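*Asks:* generate a structure from the sequence data that follows.
(chains A and B)
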2 protein chains.
Amino acid sequence: MPGVMELLPREQIAFQRMLDVIRRNDERFGFLPIETPVMELSEVLLTKTGGETERQVYFVQSTGALEKVGDGVPELALRFDLTVPLARYVAEHEHDLAFPFRRYQMQRVYRGERAQRGRFREFYQCDVDVIGKDVLSLRFDAELPALIHNIFSELAIGPFTIQVNNRKLMRGFFEGQGIVDAGRQGAVLREVDKLDKRGPEAVFETLVGPDFALSHHVAQRIMDFVKLRSGSHAQALAMLDALGTGSESFNTGIAELREVIELVRAFGVPEANYCINLSIARGLDYYTGTVYETTLNDYPQIGSICSGGRYDNLAGNYSKSHLPGVGISIGATRLFWQLREAGLLRDADSSVDVLVAMMRDQDLPDYLHLARVLRAAGINSEVQLEGRKLARQMQYADRAGIRFVVLAGEDEAARGAVTVKDLRRAQQFEVKRDELAATLKVELAQARAFAGV
Amino acid sequence: MPGVMELLPREQIAFQRMLDVIRRNDERFGFLPIETPVMELSEVLLTKTGGETERQVYFVQSTGALEKVGDGVPELALRFDLTVPLARYVAEHEHDLAFPFRRYQMQRVYRGERAQRGRFREFYQCDVDVIGKDVLSLRFDAELPALIHNIFSELAIGPFTIQVNNRKLMRGFFEGQGIVDAGRQGAVLREVDKLDKRGPEAVFETLVGPDFALSHHVAQRIMDFVKLRSGSHAQALAMLDALGTGSESFNTGIAELREVIELVRAFGVPEANYCINLSIARGLDYYTGTVYETTLNDYPQIGSICSGGRYDNLAGNYSKSHLPGVGISIGATRLFWQLREAGLLRDADSSVDVLVAMMRDQDLPDYLHLARVLRAAGINSEVQLEGRKLARQMQYADRAGIRFVVLAGEDEAARGAVTVKDLRRAQQFEVKRDELAATLKVELAQARAFAGV
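*Replies:* Model prediction:
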């Protein structure tokens, strides 16, 4: 089926390890899991979305109950992101939740995209958000880069940079350039957001073209502004100082960005992994303060691998409470696909650590016993249950990425031992039966990482 | 939304731990993960299903592409189980898979059930199957009860029994009673399957009633037969011996059941955890040999918590290969719901192990440092980022189920120490800062189990 990513087991294992790394780090930072149903009421999903989203929504109906709402839209639809379901969830369970509500959610979302290479109709989003009640400290804006840093450090897919900007700063700057209408500011922001894709010349041409009709002078000032990008932490602070002062929004934006950057350092993120980049805009109107994008230094063409930002009010459509929040999202399916395309993933080892070989049919109970001991020690073990030439068993283990084959032959049995073939190191050794599990456990302890190069 | 199970974070943590136990054990036994898209082509899903299933299927369509197939059925639908997707997957990737193909899959499935307490429209299935090419040894039929045993032992929700039967034996027995038509045998099997629900009198009445028109004598023999249930392993073998011989199917069924039971013991399953029960039928026509159900001894009303069986050919509709298989399925959403209803679940601890309290605003960098050290040691830690009275911080931790609160106050700092409040034991202790992580790690090592009573 086009537009979905279906994996073979070894690929699935690699993907699962990536999800595990994300989940483990989300939990390390004290975020709590939730899951929401894949279907939501259409009226909930389509509350504040424009036509673009509606065209991409998958509607759902059971033949048993052809329930339609007023204008012929089916009652149910598949979620297209995890943010709208979060808003509905928080509004629905508001009185049972503690605020700030720190949640992570890793589920699939659905978009009726045209089938196209690298575009998915079904994909995992791994979201983390903190939702405050009435207020939410900027400290949370700084905590998320620390989480991003931990996740991508552990994934070990190469050097990366968390790029931070602030929407208030951007709007304030546009005000200073005479662009005072909020809608027009948003349009310029979305244009700036295309810088990487279209290049500075094309964006400049658009800004001075009929749609925006900015003067060359103003367009050039915008282009100069959004070019600004800090290197070190000291440079970031100096850059903010050099921006001077302007409108209230401009000054607030600078103050927020400075506080966030200072806190990001306090959270222990190395300076090499974050910077200010004034071209980070994020397309969505939704964001109101801090915005983030994360890029792989050596693979800029992959684009942002983790994005997000601060928003004023999560659930205005569903709740009377004022619920400011800040969040990030990793599009795990697309990321995995891109890492593979870029050759940044090696074949994962199997989730099976050991194959207990079948030497003689009548010794099956012994093999089963060995496997039981290994499993009790936390070692994933498959027993070769069907008789097969040993060479084929070895070949199977090799192809499947199973690292160890345990051979409990007659000779070794006489010595109370078994032979272990380590297929990764292409060597074999004999070990006492009662030391087998402990020995393999040590060997395996380091081997369970994500399959990043 | 009716018919879905949406959980609060602490419940979600308990549910997630249940899924983790299942997944971990599936992997211990060397099963490989796959995931399939939630949508399949309608023509794939509805290939061999009757009207009952079709009425329960959710169809999907995007407004952007109202794609209909011939008779007005939308092109896509949500999977209603994981078996049809497995068949499609195996047929599609046959040449890239190693057989026997051992896969586990834990995903949600969808059924347009009428809304009703305990009936779900969206629920997790946790399936394990082994698919052979042309042949598949009965040893695999015996491996699955060993896996079931490990899963439910670790879940620790009380004593359970894996009940085993064989469809060939049942069909052979019916043949011996003069019921030779396969369709009629299936109908009787489905009737027998309702024994627990309807009781023996009602089933007897149906068998002698107009639909089946069996003689009282035959109906009584069936009732006597399906009452048979073994206790110990020796009893099971004796029971099989006492059944004598009959048709070819009868004899094959007995031989298979004997071999499976012997192997289940060889796999190390304690005799208290398995038995033969000749009333286990499983409603689906799909099964052709071994069938299983698993019940909680003290909660028979919950019904089967893990069921499955052997089937002749997985993917006859999608592949020319002959692919026999055997599998089991745990309906995790329903199981979790039922365990909760039966009072068999206690509140899970939070996934957050430690709250680092906020004592003085200016010491935030120190709290962040402490959390960094704890996280690096694998301890899930939240930092109290917003200023709040200490009593409220403690109250928050207590309600959230966070076990430890770390207090890094001035007094302790002078001694190079912190105070730890252990909310579970309602006690506190002081510990050197550089011993904090190691100390808490030891305390937490045992505490991460599923929340079974």
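
*Asks:* tell me where the model's unsure across the stretch 51-200 of chain A.
*Replies:* Along the stretch 51-200 of chain A, segments meeting pLDDT under 70 span A:51-55, A:63-72.

*Asks:* partners of the one helix or strand residue A:105 maps to, with directions?
*Replies:* Under the criterion of DSSP states H and E, residue A:105 resides in strand A:101-110. Strand A:101-110 has these partner strands in its sheet, going by DSSP bridges: strand A:32-33 (parallel), strand A:122-131 (antiparallel).

*Asks:* just say which of those strands is most tucked in.
*Replies:* For these, the stretch with the most neighbours on average is strand A:122-131, a mean of 23; neighbours defined as mean count of other C-beta atoms under 10 Å in any protein chain shown. Any C-beta I mention is one placed from the backbone N, CA and C, and that applies to glycine too.

*Asks:* dump it to CSV, restricted to CA.
*Replies:* Taking C-alpha atoms only, strand A:122-131 is exported to CSV below (Å, rounded to 0.1, in the frame of the first residue of the first chain):
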residue,chain,number,x,y,z
GLU,A,122,0.5,6.8,8.4
PHE,A,123,3.4,7.8,10.6
TYR,A,124,4.5,7.8,14.2
GLN,A,125,4.7,11.1,16.1
CYS,A,126,6.5,11.2,19.3
ASP,A,127,5.3,14.2,21.2
VAL,A,128,6.3,15.7,24.5
ASP,A,129,4.3,18.7,25.9
VAL,A,130,4.0,20.5,29.2
ILE,A,131,0.7,22.2,29.8
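
*Asks:* next one: it to chain centre, how far?
*Replies:* Relative to its parent chain, strand A:122-131 has a centroid offset of 7 Å by C-alpha atoms, centre = their mean, to the nearest Å.

*Asks:* now swap in stretch A:338-357 and tell me
*Replies:* Here stretch A:338-357 is found 20 Å from its chain centre; the criterion is C-alpha atoms, centre = their mean.

*Asks:* could you export that stretch as CSV, CA atoms only?
*Replies:* Output of stretch A:338-357 as CSV, limited to C-alpha atoms (Å, rounded to 0.1, in the frame of the first residue of the first chain):
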residue,chain,number,x,y,z
GLN,A,338,15.5,9.4,6.1
LEU,A,339,18.3,7.9,8.2
ARG,A,340,18.0,4.8,6.2
GLU,A,341,18.1,6.7,2.9
ALA,A,342,21.2,8.6,4.1
GLY,A,343,22.9,5.4,5.0
LEU,A,344,23.0,6.4,8.7
LEU,A,345,21.5,3.1,9.9
ARG,A,346,23.3,-0.2,10.0
ASP,A,347,21.5,-3.5,10.1
ALA,A,348,20.2,-4.1,13.6
ASP,A,349,21.2,-7.2,15.4
SER,A,350,18.2,-9.5,16.0
SER,A,351,16.2,-9.1,19.1
VAL,A,352,17.1,-12.8,19.5
ASP,A,353,20.4,-13.1,21.3
VAL,A,354,20.9,-16.9,21.2
LEU,A,355,19.9,-19.8,19.0
VAL,A,356,20.2,-23.1,20.9
ALA,A,357,21.1,-25.5,18.1
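
*Asks:* that stretch near chain B at all?
*Replies:* Yes. Using C-beta under 8 Å from any C-beta of the partner chain, stretch A:338-357 reaches chain B at A:350, A:351, A:352, A:355.

*Asks:* residue A:46 is nearest to which of the strands paired with strand A:101-110?
*Replies:* strand A:122-131 (18.7 Å; C-beta to C-beta).

*Asks:* from the contact counts, what lies against the following helix or strand past that closest one?
*Replies:* Using DSSP H and E, the helix or strand that follows strand A:122-131 in sequence is helix A:139-155. In this structure, helix A:139-155 packs against helix A:9-28, strand A:122-131, strand A:160-166, helix A:248-266, strand A:287-296, strand A:325-331, with contacts taken as 3 or more C-beta pairs under 8 Å, 6 or more residues apart in numbering or on different chains; DSSP states H and E.

*Asks:* quick one: name the residues of the stretch 201-350 of chain A near chain B.
*Replies:* Contact residues, the stretch 201-350 of chain A versus chain B (C-beta under 8 Å from any C-beta): A:266, A:267, A:268, A:350.

*Asks:* thanks a lot, see you next time.
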